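Participant: I would like to see how this sequence folds:
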Amino acid sequence: MFQIDNIREMFFSWEGRLNRKPYILRCLALGLIMTAIYILLMVFAFTTAATPTGNDLPMMGAFGATYILYLPFIISGYLLAIRRLHDLDLSAFFILLSFVPVVSFFFALYVIFKKGTEGPNSYGPDPLSTEGEMPVFSTSAVNTTNSTGIATAQTDSDTSHDSGVSRS
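Facilitator: Predicted coordinates for the structure are as follows:
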């Protein structure tokens, strides 16, 4: 079940690394939510502005509300980009390249398509690494029960059968 801490960790944290797939999916989710907010506010603005009074206040209010409601999504997008830069072993200061008009396009392409550094870097462990995870099926230990009911563990090097292959 989603909890607020999980959403905060996914979208509002700049610590750690974020590989390409979660970055793209989270940016798409932010974009879809922002589009839905914009459509709802514009439908409200156009239905209230269609009154014969000729008042432009609802339209201006809808545009103002759009910018206010977009602020958390914009901040979240920059935090996602910072974590993506960390995966590329780059400092968060490189996010300033997104404010340069022509460079920002190529910067966005670089952040989206460049593969992250393999293995741990100065910003944390590799998000694609399987080290430290418990494998689903492990053959290193087999639990057995002897005749007295005491559970013992046998490892691969300690098996009782002879396969004819030397394990040294």
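Participant: packing partners for the helix or strand containing residue 102?
Facilitator: Per DSSP states H and E: residue 102 is located in helix 101-113. Contacts defined by 3 or more C-beta pairs under 8 Å, 6 or more residues apart in numbering; DSSP states H and E place helix 101-113 against helix 20-49, helix 57-87. Quick note: C-beta positions are derived from backbone N, CA and C, even for glycine.
Participant: can I get those helices in JSON lines with mean pLDDT and mean neighbour count?
Facilitator: Listed next are these as JSON lines, based on pLDDT from 0 to 100; neighbours: other C-beta atoms under 10 Å:
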{"stretch": "helix 20-49", "mean pLDDT": "86", "mean neighbour count": "14"}
{"stretch": "helix 57-87", "mean pLDDT": "85", "mean neighbour count": "17"}
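Participant: Nearest to residue 123, out of these?
Facilitator: Closest approach to residue 123 among the helices and strands packed on helix 101-113 is made by helix 57-87 (3.7 Å; C-beta to C-beta).
Participant: ok, now which ones touch residue 60?
Facilitator: By C-beta atoms under 8 Å, 6 or more residues apart in numbering, no residues touch residue 60.
Participant: Kindly provide the distance from it to residue 119.
Facilitator: Remark: distance between residue 60 and residue 119 (C-beta to C-beta, to the nearest Å) = 52 Å.
Participant: Next: residue 30.
Facilitator: From residue 30 to residue 119 the distance is 29 Å (C-beta to C-beta).
Participant: cool, residue 73 as well?
Facilitator: Counting by C-beta to C-beta, the gap from residue 73 to residue 119 is 32 Å.
Participant: do residue 48 as well
Facilitator: As judged by C-beta to C-beta, residue 48 and residue 119 stand 56 Å apart.
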